[in-house]
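# mind folding the following:
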Amino acid sequence: MQHIHTTDIIRNLVVKINEAWKNGKLAELADYFHEDIVFCDSDFNVLAQGRTKCIESYRQFIDNAEVHEMSTKEPEVFVWHHTVYACYRFTISYTMNGKLYSEQGKEAFIFIYDNRTWVAVVRFMLPEKN
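Okay, here's the model as predicted:
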């Protein structure tokens with residue numbers, strides 16, 4: 001497995017994940033998430049566990065928030081055989097319950113090569129403290 005090729009695949013996969021949730025195509029996330037994926041906060045507390053619950057967390061957000069702007073930087077990607085760490089900066093502004101939020105920080109995914117495809121197994125959300 002070539003690291004340059006894998007890096008490109010993972011960067012593309014991160015784009016697909018973000019485009020899917022931003023465009024309300026949540027069913028597509030099932031192709032990108034391992035069945036036992038875990039979402040964690042910046043203190044490594046588990047926020048959601050399992051593909052269904054993690055996808056549902058996106059659904060809850062998009063059902064309750066109006067996203068005004070979302071941008072990401074190109075991910076830094078580190079490859080170790082069948083495991084990849086991808087981390088990137090993000091900014092997002094959205095309205096929820098009548099209140100405007102503007103956030104920035106980092107998001108990170110760990111991917112594994114499973115059953116001839118790359119899937120995310122962990123997602124870390126690392127917002128910067130204001």
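# where along the chain do the helices fall?
Under the criterion DSSP state H, the chain contains helices at 3-22, 51-64.
# chain center to the last one: distance?
So that's helix 51-64. 12 Å (CA atoms, centre = their mean, to the nearest Å).
# got it, and stretch 70-83?
11 Å.
# for it, which positions count as buried?
Pro75, Val77, Val79 (16 or more other CB atoms under 10 Å). Where C-beta positions appear, they are placed from N, C-alpha and C, glycine not excepted.
# quick check: Arg59 touching Leu26?
Yes. If you go by CB atoms under 8 Å, Arg59 and Leu26 touch, sitting 5.7 Å apart.
# now Thr95, nearest residue through space, not along the chain?
Glu66 (4.7 Å; CB to CB, 6 or more residues apart in numbering).
# compare the helices of the chain and give me the one nearest Ile110.
helix 3-22 (10.5 Å; CB to CB).
# off-centre distance for the strand ranked longest in the chain?
The longest strand of the chain (DSSP state E) is strand 99-114. Computed by CA atoms, centre = their mean, the separation of strand 99-114 from the middle of its chain amounts to 5 Å.
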